[in-house]
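In: Coordinates for the following, if possible.
(2 chains)
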There are 2 protein chains.
Amino acid sequence: MSHSNPSPHVPAGPVRPGPGARTVLRPAVTADIRGGFWRDRREVNARVGIPQGPELLESAGNLHDLRLAAGKAEGEFRGDYPFMDSDVHKWLEAASWQLGHAHDPALAADVERITALVAAAQQPDGYLNTWFQAGKGAGRYTDLRWGHELYCAGHLIQAAVAHHRSTGDKALLEVAVRFADQIDATFGPDKPIDGFDGHPEVETALVELYRETGERRYLDLAAYFVDRHGHGLLGGEAYCQDRVPLREQENVEGHAVRQLYLLAAAADLAAETGDGELLAACERLWTAMVATKTHVTGGLGAHHDEEDFGDPFELPNERAYCETCAAVASVHFGWRMALLTGRARYSDLIERTLFNGFLAGVSLDGERWLYVNPLQVRDGHTDTGGDQSARRTRWFRCACCPPNVMRLLASLEHYVASTDAGGLQLHQYATGRYGGLLGDAPAAVRVETDFPWSGTVRVTVEEGPADRPWTLSLRVPQWCAGHRVSVAGQDVPAAADDGWLRLERAWTAGEEVVLELDMAPRLVEADPRVDAVRGCVAIERGPLVYCLEGVDNPGGLDDVVLDPTGPLTEEEHPELLGGVTTVTAAGYRRTLPNDGWWPYRTTAGPAHTDARSTPRHDAGPALTAVPYYSWANREDGAMRVWVPTS
Amino acid sequence: MSHSNPSPHVPAGPVRPGPGARTVLRPAVTADIRGGFWRDRREVNARVGIPQGPELLESAGNLHDLRLAAGKAEGEFRGDYPFMDSDVHKWLEAASWQLGHAHDPALAADVERITALVAAAQQPDGYLNTWFQAGKGAGRYTDLRWGHELYCAGHLIQAAVAHHRSTGDKALLEVAVRFADQIDATFGPDKPIDGFDGHPEVETALVELYRETGERRYLDLAAYFVDRHGHGLLGGEAYCQDRVPLREQENVEGHAVRQLYLLAAAADLAAETGDGELLAACERLWTAMVATKTHVTGGLGAHHDEEDFGDPFELPNERAYCETCAAVASVHFGWRMALLTGRARYSDLIERTLFNGFLAGVSLDGERWLYVNPLQVRDGHTDTGGDQSARRTRWFRCACCPPNVMRLLASLEHYVASTDAGGLQLHQYATGRYGGLLGDAPAAVRVETDFPWSGTVRVTVEEGPADRPWTLSLRVPQWCAGHRVSVAGQDVPAAADDGWLRLERAWTAGEEVVLELDMAPRLVEADPRVDAVRGCVAIERGPLVYCLEGVDNPGGLDDVVLDPTGPLTEEEHPELLGGVTTVTAAGYRRTLPNDGWWPYRTTAGPAHTDARSTPRHDAGPALTAVPYYSWANREDGAMRVWVPTS
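Out: Below is the predicted model of the structure:
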């Protein structure tokens, strides 16, 4: 592992607040996941996930369309959508983060080749979008609602920032700057076009480009775009985040990914400009979203049609949308909020999202994907195929999710730790080394853990300010019913303050902190306004949400009942699903007499002869649950997260 | 009221089985709704619903597009879809049935004018579809999956049959026959095209055209089309009813309206040809549909995307699709099954559908419509507008539902009664006069009732065979917990046999039967596999499903709880919603302390400090429910059919 990051004092990853940013925390400067659960997932991403990208982008036509735009190929335009370029850009971003971890000549060559192709497709004035250059688009910037030109530009810029931060190479950054300048010359209150893109993305990208180049114009342009939303310029639809200005919005709405990308940009702006109104809107909307529109997996988005958030507490199981991209976007937004405010809850949701709603989006072998992540697949499910299938797919017509998974896994180490002047904070528990600056003084810790299978986390101080006490802060997860902590073998008081266990002392290099989190499996229930799961419980253990799969529970899942008074038994299965701990619950299976044709019946009074009679309970085998992230890696079948208790 | 039906011995309405048809029952020959609930709804349909059609079809562009195709106008084609002609045809059908009830010179003139326009747009060989003649279609019959040409042809034929049966006029029938002959010359195993339309409709229409004209070719063509489904000719999608042949299908699937129109055609074929395999498929699929995919309102279709049935027991509330057209189609299919088999359950479902899932589709004033019929609208609902809005709309871009409502209301009398050689059957209770042939002998009854407000139904025999006993059969609804019956003032034994109360005697003209149905309000619960309504009850009274509306229950509906041990109180409100009986239930409103940010909590063991604490129950006002069909006729707000009990 080697970082080619040009400066040792700024982090190489995404979200690098500028020198004047008003964040409570700063991202760790060094972050290196070296073992354990996430190392394994990242190795699959490095070995299978990212390397398969060029071939998939070739067969889906994305690279062909770039060659068409570059005048280097002939034939028909092959993309089905105006946003196909973004798949290429997101792959470049993922590959760039990966190149920052380890030198890989084949990957570097692919990145160089595709970067050259992107550069060749760029028009002389900086504009770049194959759909409008060589495809079916009517004319540049004539369809801001659906054209996705600035969305694609945003992903190009993000890729360029990643490439430059990881490798120091300016080839892609120069392409991105040319496009950003073209956009800056075109959009603005006194520019040719007063408008914004129907799909946010360019906004965060411009903030990151400002951070990377120091060019203030990009920050101002991002601020302009964010504030032009909500005034009806694109027709006033919530889908395009155009119904109401973010500053006035009371709850998240419309297309989930669009909403979350816009919120991430608002958080970036609040960080860089100190805009308290934007910060308040971000806090208000995050809080409302979590309280009313978040599935237990961290998944976001309740409607298949329009990929929409849906109404408060409308959280269906079979039709949960929970787009994988929305999980990625939630992590992006949440991490910005964690840095901005220092509050642990943002990293609580990041943890839940990463281990559940996000990770389910990719198969264990790294080759098949879920665009939507339902919480239930019924017995007798008829799958209609297509991108929104409940069955894993090799690639999608709209392939936004796979490269989003690749880029988040490849940059995951940057969401683990942070620092402030007084100490170092561990937001997530992953074996590795994390460090940064406490003011001017470097500090670093080494973490060893088998989390999420074990709740034991060993943190060894490697370096820190020798002349003064400093605080090592450990997040005590929201789900954790009890924890203990020892320093150098001595138990110490372990009260958490709003999610943070803060250990302040004059640390010596080599001192070890052992945190023990209660990992007993538990049953959870939902706010009673979540009608879809009334009378049901979900099984959780540590940060993992569990589910029942048909393959482990023969006889179907539509009639299983979990006995909440029974024990929950955990068992390690190193051979199963890449190594998981299963949880077994007591339960039984309903048997319903087939004595009527109408499936509704009067609850009281004389029973109608045609009515369905009371269910009989048959003793049945225990219910075996596996982690939700590992579902759909064996045979196709039924699955459910929420299980009725009667 | 006067019928111009040329023969007094065949019914004027839809579904007139041919002389050789193998149906257990025959539709009543005379059927005349003269008072009560449905008379009122039909008067609005006659006074407001149907007469507004020409103006709405003018402003939506349908008539303009017909004039374009006829060479009588210039300008742009205005329709957004290839099926816009069908709105015109369905309106013509509705108006034709209406002309059969009462002479109305203005309406007759509109029908004549629009019939002439349709005829003028027809091409010399009989083909007629404005989308392909003057619009955006690439070429005749080149896009069977989406072109809707035969679907539109089917609605034209249905309109022509209605027009001819109601008025004796052949103008529209001649247009329809020309088109049917063009189709017959084009489609078939040895014809230019071996295929079928992605949206069934022409199949039932061809059977009706066979019945109207005696031309066997139309019946054979219908049989060909039905059996070409399910062999992958249109790509093999369930959406187009092309995944599996109907004869092998185990449950309804795909686009709900398409499935139901196809099933109606299969039932028609089973009736006319005695095809036992088709009859068995119809029975099997109706039974599976009702047991696993039917909302308590009779509404069908669980998915907004693809207007799909969804999986078994997947019956969401907020996102119930329950397209108004699917309710109409369910009545069409069910009535054919009722005649075919004589089983009461088909009319049970028709009753439930008519009073609930169907009737909610039109506002009380006849001017605003619902395309989808959700069972819940939440507090804080953000409506996105469009055709699938939960708010009533004046007209739709895809305006299939309004004329479907018009044509069913205008022909509703034909679903009330039937006869067989041994007697007369009353399937629905509506004040009026109903009669037919018992073999050769005419029989007729007069019905007087305030159903569904009252459970008292008075049936007076007007005529019948004088030389022999015959059976008056009264359907005892599936929902009814108790009933009594008297003949000529004397109580008689009243056991129902599979839903039919059969009174066999030598009837004298003037004898009166009084049926008393128990109308006490009741709470119903769902099969436990309907996860979406676990722990909830719905209020019903008679055939009516009730709902809570925000306007009657201030403070919102997300937190209401119904106390199932409390009384249900009914109250007549002549002034409310056109006159309804409300039902009041005991209940309260949860108050949830806002003490945590995460809406899920561990059910047992030590509570996490961040977890949401137990809900407190506040005593609250009683919950007031109104009939579901009457919802959304006051202010926009929340609504729910299913209410939690704890």
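
In: check contacts around residue A:474.
Out: Each residue near residue A:474 by C-beta atoms under 8 Å, 6 or more residues apart in numbering or on different chains is listed here: A:425-426, A:457, A:459, A:485, A:500-501, A:503, A:513, A:515. Every residue, glycine included, has its C-beta placed from N, CA and C.

In: lowest-confidence helix or strand of chain A?
Out: strand A:616-619 (a mean of 48; mean pLDDT, DSSP states H and E).

In: that older thread, of the contacts of residue A:474, grab the buried ones for PyMOL.
Out: Selection of buried members from the contacts of residue A:474 for PyMOL, criterion 16 or more other C-beta atoms under 10 Å in any protein chain shown:
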select buried, chain A and resi 425+426+457+459+485+500+501+503+513+515
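
In: what's the closest of the contacts of residue A:474 to residue A:363?
Out: Nearest to residue A:363 out of these is residue A:457 (C-beta to C-beta; 28.0 Å).

In: For my notes, confirm that closest one occurs in a strand.
Out: Yes - counting by DSSP: H, G, I helix; E, B strand; the rest coil, residue A:457 is found in a strand.

In: Please tell me how far it sits from chain B.
Out: 19 Å (C-beta to the nearest C-beta, to the nearest Å).

In: For that residue, list the residues it contacts.
Out: A:429, A:447-449, A:451, A:474, A:514-517.

In: Pull the contacting residues for residue A:521.
Out: Neighbours of residue A:521 in contact, by C-beta under 8 Å, 6+ apart: A:539-541, A:546, A:568-570, A:583.

In: Buried ones among those?
Out: Here, 16+ other C-beta under 10 Å leaves A:539-541, A:546, A:568, A:583 buried among the contacts of residue A:521.

In: From the residues you listed, list the ones also adjacent to chain B.
Out: residue A:540 (C-beta under 8 Å from any C-beta of the partner chain).

In: from the buried ones among the contacts of residue A:521, which ones fall inside strands?
Out: Here DSSP state E is the test, and these give A:539-541, A:546, A:568, A:583 as lying in strands.

In: wait, which of the buried ones among the contacts of residue A:521 is closest to chain B?
Out: residue A:540 (8.0 Å; C-beta to the nearest C-beta).

In: Following element in sequence after the least confident helix or strand of chain A, please.
Out: Counting by DSSP states H and E, the element after strand A:616-619 in chain order, helix or strand, is strand A:623-627.

In: For residue A:361, give me its contacts.
Out: A:324, A:327, A:369-371, A:373, A:401, A:405.

In: which bits of the stretch 251-400 of chain A sit near chain B?
Out: Residues of the stretch 251-400 of chain A lying close to chain B by C-beta under 8 Å from any C-beta are A:251, A:253, A:287, A:290-292, A:294, A:296, A:303-306, A:308, A:310-314, A:316-319, A:345, A:348, A:376, A:378-382, A:384, A:388.

In: Out of those residues, which end up buried?
Out: Applying 16+ other C-beta under 10 Å to those flags A:251, A:253, A:290-292, A:294, A:296, A:303-306, A:308, A:310-314, A:316-319, A:345, A:348, A:376, A:378-381, A:384, A:388 as buried.

In: how is chain A carved up into domains?
Out: A:417-517, A:522-644 (automatic domain parsing).

In: quick one: which of these is nearest residue A:74?
Out: Short answer: domain A:522-644, nearest of the domains of chain A by C-beta to C-beta, at 40.4 Å.

In: my guess is residue A:28 contacts residue A:420, does it?
Out: No - counting by C-beta atoms under 8 Å, residue A:28 stays clear of residue A:420, with 11.2 Å between them.

In: higher neighbour count, these two?
Out: residue A:28 (28 against 20; other C-beta atoms under 10 Å in any protein chain shown).

In: Give me the pLDDT value at the nearest residue to that one once chain neighbours are set aside.
Out: Excluding the flanking residues, the one nearest residue A:28 by C-beta to C-beta, 6 or more residues apart in numbering or on different chains is residue A:417, at 3.9 Å. Listed pLDDT for residue A:417 reads 98.

In: how near is residue A:417 to chain B?
Out: The value you get for residue A:417 to chain B, if C-beta to the nearest C-beta is used, is 22 Å.
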